[in-house]
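Colleague: sequence isn't available, so here's the structure alone:
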């Protein structure tokens, strides 16, 4: 019997996720679970949960996209 194929989401990482990354990922999942899946809603949800961007400011669509790009690099 052939084993099912799967993707290990972090298979390209060179080190474990940082506490910051784990916290942000958990909060993003929470906001998604609340039904907010579009970027403006996601950013509002992060701010509603009192999350801040790396600069300590409220999230904006631009700062969120920039941080996702940085984390994905």
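Modeller: Received, thanks. Since this is a predicted model, take the numbers as computed values, not measurements.

Colleague: quick check, residue 46 in contact with residue 64.
Modeller: Yes: with the criterion set as C-beta atoms under 8 Å, residue 46 and residue 64 qualify as a contacting pair; they are 7.2 Å apart. Where C-beta positions appear, they are placed from N, C-alpha and C, glycine not excepted.

Colleague: who has more neighbours, the two?
Modeller: residue 46 (22 against 19; other C-beta atoms under 10 Å).

Colleague: what sits against the more buried one?
Modeller: Contacts were defined as C-beta atoms under 8 Å, 6 or more residues apart in numbering; by that measure residue 46 touches 27-28, 31, 59, 64.

Colleague: what about it, distance to residue 14?
Modeller: Remark: distance between residue 46 and residue 14 (C-beta to C-beta, to the nearest Å) = 27 Å.

Colleague: which residues touch the spatially most central residue of the chain?
Modeller: Centre of the chain computed as the mean C-alpha position; nearest residue by C-alpha atoms, centre = their mean is residue 25, 4.1 Å away. With contact taken as C-beta under 8 Å, 6+ apart, residue 25 is in contact with residue 17.

Colleague: can you read off the pLDDT for it?
Modeller: Residue 25 is assigned a pLDDT of 95 by the prediction.

Colleague: kindly report the same for residue 51.
Modeller: On the pLDDT scale, residue 51 is placed at 96.

Colleague: residue 4 now?
Modeller: Spelled out, the predicted local distance difference test score at residue 4 is 71.

Colleague: same question for the one 3 residues further on.
Modeller: The pLDDT attached to residue 7 in the predicted structure is 61.

Colleague: same check on the one 10 residues further on?
Modeller: Here, the pLDDT recorded for residue 17 equals 87.

Colleague: how close does it sit to residue 26?
Modeller: Following C-beta to C-beta, the distance that separates residue 17 from residue 26 is 11 Å.
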